[in-house]
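K.L.:
I would like to see how this sequence folds:
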Amino acid sequence: METDLTINESVIIPGAELIISVSRASGPGGQHVNKTSSRVSLRWNILNSQALNKAQREQILQRCKNRLVGEGEILLHVESERSQLRNREIARERLVHIIQDALRVIKKRVATKPSLGSKKRRIEVKKKRGVIKKLRNFDARNNH
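P.N.:
Got it, this is the predicted structure:
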């Protein structure tokens, strides 16, 4: 049985809700890869989770909609390491990061006005640029 997974202070996923299955990984590794099941698949059902309140559930479903498989489930596959134990740890870490990102509150941008000083500096730069262009035109007429 899996241990509980702490996302933040208010969300702790019970280990019983995490479904982990193992299979043989693909790729290089010689005979080792043919003998051991080191690929880890981690599945967590958001809709049936007791760890979330309604608002958190809706927020995660909305933000993770591209990651969902089936009815509100997140499925992760990890086969980057030769060790099954390490792949389990990586899968759990990835799930924590995904849920933390989904629960992060996005701050709304507060519209501000340009300061008086910045307006004056902008106008000064425009005036200087205009003077430079006028001098170019003046020089072109005098050289021909």
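K.L.:
CA only for contacts and neighbour counts going forward, please
P.N.:
Noted.
K.L.:
Distance of residue 20 relative to residue 86?
P.N.:
13 Å (C-alpha to C-alpha, to the nearest Å).
K.L.:
what's the overlap in contacts for the two?
P.N.:
Common neighbours of residue 20 and residue 86, using C-alpha atoms under 8 Å, 6 or more residues apart in numbering, do not exist here.
K.L.:
Residue 44 contacts residue 70, doesn't it?
P.N.:
No: applying C-alpha atoms under 8 Å as the test, residue 44 and residue 70 come out as separate, 11.0 Å apart.
K.L.:
Can you tell me the element the residue nearest to the spatial centre of the chain falls in?
P.N.:
Within the chain, one residue has its C-alpha closest to the average C-alpha position: by C-alpha atoms, centre = their mean, that is residue 101, at 5.6 Å. Assigned by DSSP states H and E, residue 101 belongs to helix 84-103.
K.L.:
contact partners of the least confident helix or strand in the chain by mean pLDDT?
P.N.:
Scoring the helices and strands of the chain by mean pLDDT, DSSP states H and E places helix 31-35 at the bottom, with a mean of 71. Helix 31-35 is contacted from outside by 24-27, 82, using C-alpha under 8 Å, 6+ apart.
K.L.:
Quick check on those residues: which are buried?
P.N.:
24-25, 82 (16 or more other C-alpha atoms under 10 Å).
K.L.:
export those residues to JSON lines and tack on pLDDT?
P.N.:
Converted to JSON lines, those look like this (pLDDT from 0 to 100):
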{"residue": "24", "pLDDT": "83"}
{"residue": "25", "pLDDT": "79"}
{"residue": "82", "pLDDT": "83"}
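K.L.:
taking those one by one, which sit in strands?
P.N.:
Per DSSP state E, strands hold no members of the buried ones among the contacts of helix 31-35.
K.L.:
The longest helix seen in the chain - what's its average pLDDT?
P.N.:
When the chain is parsed with DSSP state H, its longest helix is helix 116-143. Averaged across helix 116-143, pLDDT comes to 87.
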